[in-house]
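> using only what follows, build the 3D model:
(one chain, ligands or ions: 1)
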Amino acid sequence: MKKLKVGIVGASRGGAYLKNYANSDRTEISAVCDLDQSKCEQVAKDLSLTDRQIFTDYGQFLNADTDIVVIGTPIPFHAEQAVQALEAGKHVLSEVTMANTIEGCKQVYEAAQRAKGKYMMAENYIYFGFIREWKKYIEEGRIGRIHYAEAEYIHDIRKLLFDKESGETFWRTYRPPIHYCTHCLGPLMYLIGDDTIVKATAAGNKNTIVPDLWPSTIDMQVALFETKQGRGIKICRSQVTPRPEPHTVYYSVYGTKGFLENTRHGKDVVGNRYFEGIDKQTVPFNCYENEIEAPDFAKNSHGTSDYYIAQDFLDCIEFDREPFLNARRAFELTLPGLIAQEAAVKGNVWLDVPQLD
Ligand SMILES: NC(=O)c1ccc[n+]([C@@H]2O[C@H](COP(=O)([O-])OP(=O)(O)OC[C@H]3O[C@@H](n4cnc5c(N)ncnc54)[C@H](O)[C@@H]3O)[C@@H](O)[C@H]2O)c1
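Residues are numbered from 1 along each chain as shown. Now for the predicted structure:
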């Protein structure tokens, strides 16, 4: 197959995809766009790109010779940039979340239905080695039918919400923690399989740790969800609560025949499992020892997940396969967080999560 040409917009987090696609024999980086000219120049230097391959203007970047556009810009730009790239005939791999508004999610979904190219949301946490391993256990029926699932993503990123010295604010300053829900809901809904969230509520609406810059500084939010098939889901999010590294990326799934959970304490510490009929009691096990192999350049603080999601998107294009994280799933994983925030503001009411036809 001829090499696919990749353009990347947003050269900060986009750097993970720059690295993966620049080092792949299936792809080449043919264009880079960032509002910050110096970042473009740095990428050009690192990858020997010419001045004609770097852009600060997104419209001009879309006219460059690319097959794939990777969107690594702040979330408020995702909807507009994804729609424009799809309309320009590109395949789109967009960072999480799909968009920061319901309307934005709908626009991307509709553009993806009309588009020739594929759309995929880059929810990399689904590609963690242990999540993939758990999926196999679940498909083998080891824990029966999942009836409840839970996740926590507690990451103190106060320095990314505002600059303490200057008071400068950033794009994350006004993002409620629960809006950033896909690292929690992505793996849980992948493990559950064919189901969608239909109702949402949330508790936690006060910011006492950082008493301004609401809502990003809400101390902690807990959202409850109900799925179409009657499953309960709980997720917990904070961006400000003091917790030095390691931050928590915690999951548990309970089924009719057992459960699986990883640890709240980072790598190399045991999680627990129980498979009825196989285990006599709850068994501690290391969720991280079977990290999927990947080339050294591909390993980073997200394990090998960025590498595998990048490769999976290429497979979807090459073999004309619908991405698991297509626009429908991106919508179904992003909207519950937007609705949960509305529910918290309205006084912890339960709200219906809009569904696609
Ligand atoms: N999946 C993950 O694990 C993960 C991790 C971190 C960030 N993210 C996502 O990646 C995205 C970027 O996050 P970040 O931490 O790199 O943010 P950042 O603020 O550090 O960097 C954003 C970059 O985009 C550029 N930019 C901003 N607006 C632009 C525009 N309109 N056009 C072109 N360039 C623009 C900025 O100059 C900057 O270089 C967000 O969507 C975030 O949610 C995902």
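
> quick one: Val96 and Cys181 touch, right?
No: assessed by C-beta atoms under 8 Å, Val96 is found out of contact with Cys181, at 9.1 Å. Bear in mind the C-beta positions are built from the backbone N, C-alpha and C, glycine included.

> kindly report the domain assignment for this structure.
4-124, 128-294+326-352 (automatic domain parsing).

> closest to the ligand out of those?
Evaluated over these, closeness to the ligand peaks at domain 4-124, with 3.1 Å, by C-beta to the nearest ligand atom.

> any idea of the mean pLDDT for the closest one?
For domain 4-124, mean pLDDT is 97.

> compute the first-to-last residue distance for that domain.
From its first residue to its last, domain 4-124 covers 21 Å (C-alpha to C-alpha, to the nearest Å).

> cool, stretch 213-221 as well?
Stretch 213-221 has an end-to-end distance of 16 Å (C-alpha to C-alpha).

> just to revisit the earlier point, out of the domains of the chain, which gets nearest to Ile317?
When the domains of the chain are compared by C-beta to C-beta, domain 4-124 sits nearest Ile317, at 5.6 Å.

> the closest residue to the ligand within the stretch 251-357 of the chain: neighbouring residues, count only.
In the stretch 251-357 of the chain, the residue that lies nearest the ligand is His302 (5.6 Å; C-beta to the nearest ligand atom). Applying other C-beta atoms under 10 Å, we find 17 other residues in the vicinity of His302.

> export stretch 330-338 as CSV, just CAs?
What follows is stretch 330-338, C-alpha atoms only, in CSV (Å, rounded to 0.1, in the frame of the first residue of the first chain):
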residue,chain,number,x,y,z
ALA,A,330,-17.8,9.4,20.0
PHE,A,331,-21.2,11.0,20.4
GLU,A,332,-22.4,8.3,22.9
LEU,A,333,-19.2,8.7,25.0
THR,A,334,-19.0,12.5,25.0
LEU,A,335,-22.7,13.5,25.6
PRO,A,336,-23.2,11.8,29.0
GLY,A,337,-20.5,14.1,30.5
LEU,A,338,-22.1,17.2,29.0
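
> tell me if that stretch is near the ligand.
No: applying C-beta under 6 Å from any ligand atom, one finds stretch 330-338 separated from the ligand by no less than 11.1 Å.

> residues touching that stretch, excluding its own?
For stretch 330-338, contacts defined as C-beta atoms under 8 Å, 6 or more residues apart in numbering pick out 94, 96-102, 105-106, 108-109, 119-121, 123, 178-182, 185-186, 189, 196-197, 200, 223, 225, 325, 353-354, 356.

> just the buried ones out of the residues you listed, please.
Among the contacts of stretch 330-338, the ones that count as buried by 16 or more other C-beta atoms under 10 Å are 94, 96-100, 102, 105-106, 108-109, 119-121, 123, 178-182, 185-186, 189, 196-197, 200, 223, 225, 325, 353.

> let's see which of those residues end up in strands.
Counting by DSSP state E, these place Ser94, Tyr119, Met120, Met121, Ile197, Ala200, Ala223, Phe225 in strands.

> what's across from the third one in the sheet?
On the basis of DSSP bridges, Met120 is bridged to Leu93.

> rewinding a little: just flag the most distant two among the ones in strands among the buried ones among the contacts of stretch 330-338.
In terms of C-beta to C-beta, these reach their longest pairwise distance at Tyr119 and Ala223, which sit 25.4 Å apart.

> which residues sit against the helix or strand hosting Leu18?
Taking DSSP states H and E as the criterion, Leu18 maps to helix 14-22. Applying C-beta under 8 Å, 6+ apart, the contact partners of helix 14-22 are 6, 8, 11, 27-29, 32, 34, 43, 47, 68, 70-73, 93, 95, 122, 297-298, 300, 302, 306-307, 310-311.

> switch to 7 Å and redo it
The contact list for helix 14-22 (C-beta atoms under 7 Å, 6 or more residues apart in numbering) reads 6, 8, 27, 29, 43, 47, 70, 72, 297-298, 300, 306-307, 310.

> select only the buried ones of these in ChimeraX?
In ChimeraX, this line selects whichever of these come out buried by 16+ other C-beta under 10 Å:
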select :6,8,27,29,43,47,70,72,298,306,307,310
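
> which ones among the contacts of helix 14-22 lie within helices?
Counted as lying in helices by DSSP state H, out of these, are Val43, Leu47, Asp306, Tyr307, Ala310.

> from the residues you listed, which single one is nearest Ile157?
Minimum distance to Ile157 across the ones in helices among the contacts of helix 14-22 is 18.4 Å, recorded for Asp306 (C-beta to C-beta).
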